[in-house]
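Novice: Structure of the sequence below:
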Amino acid sequence: MRRTLIATLMTGLSLLAALAATAGAVGDQFRGGAFGLAWNADKGAIEARYPGGKWDQGEMGFARYCVPSRQTLLKLPAQYQTRELCFVIGADTTLAAVTARMDPTLPALLAVVNRSRTMFGDFDAILRDEGAIQSLHTKMLWTKDVPLLVQVSSGNDASGSPNEVSFTVADAASMFTAGADKVSNRPTGGK
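Specialist: Predicted coordinates for the structure are as follows:
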């Protein structure tokens, strides 16, 4: 019985290692674009594909078009669909980033983080609010395929309730990496 349990555990660990080793890169997934649009899409192409949205100026000063959209993300189950897509136009007047906002729940955050880690490996950079006792905002970044980037953001209000879960993919990584701390997911060997 014990030998069978150990063999089953070893087989499971081998499968997990194999999955991690074959995790697809961000570039393999998003090289041609995101959410049905190529990276060279302009404002007209975005509006044609996703009518009914509104243009405004995003946090970084670039034109942003947001539209309600329920669709699957990263092949997650239906309960983790997007609720809004926001497209950012870069300095070259073409699509620079797409952010999919999801229902702000802990299960949605865990689902998108775990799926991103399965698909792209461990995140390699992180942004958090400085000096906070309890971080109200966290951004995990996958920057290995710069200029392509994936970012998973989460936020909490002052009471600790989730108020943001989003997934961003960009072909202009520099828009998102300012102030990010590089992280290492390699185990450290202590003596």
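Novice: Could you use CA atoms for every contact and neighbour count after this?
Specialist: Will do.
Novice: so what's Met102 up against?
Specialist: By Cα atoms under 8 Å, 6 or more residues apart in numbering, the residues touching Met102 are 80-84, 108, 164-166.
Novice: any idea how far it lies from Asp171?
Specialist: Met102 sits 21 Å away from Asp171, taking Cα to Cα, to the nearest Å as the criterion.
Novice: Select the helix or strand of this protein having the lowest average pLDDT value.
Specialist: Using mean pLDDT, DSSP states H and E, helix 2-21 stands out as the lowest-scoring helix or strand of the chain, at a mean of 39.
Novice: all strands of this structure, in order?
Specialist: Secondary structure of the chain (DSSP state E): strands located at 54-57, 63-68, 82-89, 95-102, 125-128, 137-142, 149-156, 162-170, 181-182.
Novice: May I have the strands that pair with the first one, each with its orientation?
Specialist: Which is strand 54-57. Its sheet considered, strand 54-57 pairs with strand 63-68 (antiparallel) by DSSP bridges.
Novice: mean confidence for the strand it pairs with?
Specialist: The average pLDDT for strand 63-68 rounds to 98.
Novice: i'd like the first residue to be 2 from this point on
Specialist: I'll keep to 2 as the first residue from here, and by that count the last item is strand 64-69.
Novice: distance between it and the chain's centre?
Specialist: Its chain's average C-alpha position is 17 Å from that of strand 64-69, according to Cα atoms, centre = their mean, to the nearest Å.
Novice: Outside of it itself, list whatever touches it.
Specialist: Residues outside strand 64-69 that contact it (Cα under 8 Å, 6+ apart): 51-59, 84-91.
Novice: what's Glu165 in contact with, if anything?
Specialist: Contacts for Glu165 (Cα under 8 Å, 6+ apart) come out as 102-106, 154-157.
Novice: what residues are up against Met141?
Specialist: Applying Cα under 8 Å, 6+ apart, we find Met141 in contact with 124-128, 152-154.
Novice: Try it again at 7 Å.
Specialist: Counting by Cα atoms under 7 Å, 6 or more residues apart in numbering, Met141 makes contact with 124, 126-128, 152-154.
Novice: now Gly34
Specialist: Applying Cα under 7 Å, 6+ apart to Gly34 gives the contacts Trp40.
Novice: what's the distance between it and Val170?
Specialist: Plainly put, Gly34 is 9 Å away from Val170 if you go by Cα to Cα.
Novice: Okay, and the beta partners of Leu86?
Specialist: Going by DSSP bridges, Leu86 forms beta bridges with Val68, Ala101.
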